[in-house]
Structures are given as structure tokens and as C-alpha cells.
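Colleague: structure for this input, please:
(chains A and B)
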Amino acid sequence: DGGITQSPKYLFRKEGQNVTLSCEQNLNHDAMYWYRQDPGQGLRLIYYSQIVNDFQKGDIAEGYSVSREKKESFPLTVTSAQKNPTAFYLCASSILRGTGANVLTFGAGSRLTVL
Amino acid sequence: GQQVMQIPQYQHVQEGEDFTTYCNSSTTLSNIQWYKQRPGGHPVFLIQLVKSGEVKKQKRLTFQFGEAKKNSSLHITATQTTDVGTYFCAIGGSTSGTYKYIFGTGTRLKVLA
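Modeller: Numbering: from 1, shown residues only, chains lettered A, B, ... in the order given. Next comes the predicted model:
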């Protein structure tokens, strides 16, 4: 089955610790995205990547870092600089067409709680 | 940057009643997408609209793209408990030369049996 796998599903972290969320896709999609969702709120874009070894900041990149060393993988690190990291993190991917929009496929998400 | 406003934020309806959510943009859009997120789940793609004035139907769901391509709506006829969830519109794609998708704030639908 093709899809996006996010791990861990649940994660608890102490203040001051960095944590890395995994996102792997076997859809052969070019682009990958990280969104943050707070309770009862919409999705806010953290980072996105259109090609290996390249990525761009989204609207709320401060306190986060990413890498794209392989097409299939786009891990997100939540650093201690992120002031309010407790949230639901969603990874997504899409193919890239020359024109028009492309459908986003989402993973099941990772719920991070800072204690 | 691009923004999209979505209303209402919440909607509670009795089962069998209709429901509509709206998305509005200050700029002309090349396309708009709609997603549904069930409680505790992740967003799932529903549909994409591209043409001015376009109307698409999926069973009890009707999607419209405004003539000026600045707004869109999702209408559900005779809601069922399976319609519960949050409905998001999303804009972006290759419009600005980058593949950046911006989501509306979502409309959370609760259906009372």
C-alpha cells in the first residue's frame, strides 16, 4: 500500500529538549510538507520541500528545522526554541505538475505534548 | 501572502438539515481544493475546482467556485452523522511559482441525531 507514514504517533517531551518527527512516503511524490494544527484550529504551514536537498520556510518556521536528504523522507525537528510546541503535526506530500494544483496526501499525524 | 477566510467556524445542525461553509479570498485564485478531517483523523482530499463558476457534485455534497474565482462554497444536503468533521478549503499549488498550500481555518460540523 502506498502512503505516508508518520512516527511516533504520540510523543511527550520535557521543556528544553529537541524532538524529531519522522515522515516517510512511498508514493514517489516530489513535494513534501509539514503543517501544525492546534486544537480547534486550521493547518499552518511550517516548511515545505519541492526537491531533494531544498526546502522553504512556511508561515511559522521559527523554532523548527527540516532536512530533505532523500525523496522519500522529510523529518521535522522541533527545537527548544519553539515556545509553544504542543500541537498535532501533519506531514503531507504531492506530485508536482507544471500547471494547476496538486492533491495533498496526508499522514496520520504526530501528537506532541510538552510536559 | 495569500490568505483565505472560511466561515462559519462552527456549525451544529440537526440530522437531515442542510449545511454550507464558505471560503473567501481577496485575490483571484487559480484553483481551490476542499478537504475533510474526521475527529481525531487527518485531512482527506474531497475535490478541486479550477474553472470560473464551476459546480461539482459528490452525492449529497455540492461544491461551487465563484464567477470571479475569489470564493467557493461547500453545501451538504440532508446531513448525516457521517458528515461530522472539519471541512477545510485550501489554495495554492503552482500559482505563485511555488507549491505552497494555504488552508482556511476550517468549519467544524457537528450533526445532532
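Colleague: for chain B, what lies in contact range of chain A?
Modeller: Residues of chain B lying close to chain A (Cβ under 8 Å from any Cβ of the partner chain) are B:1, B:6, B:30-31, B:33, B:35, B:41-45, B:48, B:50, B:88, B:90, B:92-95, B:98-106, B:108. (C-beta placed from N, C-alpha, C; glycine too.)
Colleague: and with 6 Å instead?
Modeller: Counting by Cβ under 6 Å from any Cβ of the partner chain, chain B comes close to chain A at B:31, B:42, B:43, B:45, B:48, B:93, B:99, B:103, B:105, B:106.
Colleague: how many neighbours does residue A:10 have?
Modeller: Neighbour count for residue A:10, taken as other Cβ atoms under 10 Å in any protein chain shown: 10.
Colleague: now residue A:72
Modeller: A count of neighbours around residue A:72, defined by other Cβ under 10 Å, yields 18.
Colleague: show me what contacts it?
Modeller: By Cβ atoms under 6 Å, 6 or more residues apart in numbering or on different chains, the contact set of residue A:72 is A:24, A:25.
Colleague: against chain B, how distant is it?
Modeller: 17 Å (Cβ to the nearest Cβ, to the nearest Å).
Colleague: what about residue A:54, how many residues nearby?
Modeller: For residue A:54, using other Cβ under 10 Å, the count is 8.
Colleague: do the one 4 residues further on as well
Modeller: In terms of burial, residue A:58 registers 20 neighbours under the definition other Cβ under 10 Å.
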